[in-house]
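Enquirer: Build me a model:
(2 chains)
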Amino acid sequence: NAGVTQTPKFRILKIGQSMTLQCTQDMNHNYMYWYRQDPGMGLKLIYYSVGAGITDKGEVPNGYNVSRSTTEDFPLRLELAAPSQTSVYFCASSRDSSNQPQHFGDGTRLSIL
Amino acid sequence: AQSVAQPEDQVNVAEGNPLTVKCTYSVSGNPYLFWYVQYPNRGLQFLLKYITGDNLVKGSYGFEAEFNKSQTSFHLKKPSALVSDSALYFCAVRPSSGSARQLTFGSGTQLTVLP
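Expert: Numbering: from 1, shown residues only, chains lettered A, B, ... in the order given. This is a model prediction of the structure:
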């Protein structure tokens, strides 16, 4: 059971570079989420999607973009990397918007130097 | 605005002793409450949830949590701690009338079980 798969696991970027964090799930979940985790800060929602073709901003969307062309994939794009974007990024999915728990990938550790 | 407080950054307990990880919350209306656990270099894993009904909720790996509406708390407990329980624990809340995007996480509590 793959669940939620994130690639890459680690990445170092230079300021101003761009990259895409990949996320795919095989549970046929409609809802998908991107969070960032900073030490002592819990998780903050960046973007979320309620289905293919539908995305919306979360709490901290600035500097990021997303797309959802299929149910399975939800990539996160950083266009102009900044040191403030150094963080651990988690993708999650859930069946719907009710009381179901979210399922998380193992994260992408990103450093911007 | 809703919020979650985990007042202890670090909890240490001896193996075999009971453990408690504290969580208090603030939300409009009735809450949905969740506990997640995170092991090093891994994503969060769901432990248990409170939706409605019995205030004592049982979850994975022998963990349980007690919902206390008057104290707005949802403390995580286990009768006998294992060294393998050492991990980072997150409490999360969202309003029952809201959507999953409104899930708010606490800052986490690092649990260390000493052999």
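Enquirer: Give me the phi and psi for the residue of chain A found nearest chain B.
Expert: Per CB to the nearest CB, A:Phe104 is where chain A lies closest to chain B, at 3.3 Å. The way it works is simple: take the backbone N, C-alpha and C, and place the C-beta from them, glycine included. Per-residue torsions, A:Phe104: phi -110, psi 150 (degrees, to the nearest 10).
Enquirer: need the contact list for it.
Expert: Shown in contact with A:Phe104 (CB atoms under 8 Å, 6 or more residues apart in numbering or on different chains): A:4, A:90-92, B:36, B:43-45.
Enquirer: If you drop the residues flanking it in sequence, what lies closest to it?
Expert: B:Gly43 (3.3 Å; CB to CB, 6 or more residues apart in numbering or on different chains).
Enquirer: just checking, that neighbour touches A:Gly107?
Expert: Yes - using CB atoms under 8 Å, B:Gly43 is in contact with A:Gly107, at 5.7 Å.
Enquirer: residues bridging contact with these two, i.e. touching both?
Expert: What both B:Gly43 and A:Gly107 touch, as defined by CB under 8 Å, 6+ apart, is the set A:Phe90.
Enquirer: what does chain B have sitting close to chain A?
Expert: B:4, B:9, B:32, B:34, B:36, B:41-46, B:49, B:51, B:90, B:96, B:99-101, B:103, B:105-108 (CB under 8 Å from any CB of the partner chain).
Enquirer: Could you give the bridge partners of the residue most central in space within chain A?
Expert: The centre of chain A sits closest to A:Trp34, judged by CA atoms, centre = their mean, with a distance of 3.0 Å. Beta-bridge partners recorded for A:Trp34 (DSSP bridges): A:Tyr47, A:Cys91.
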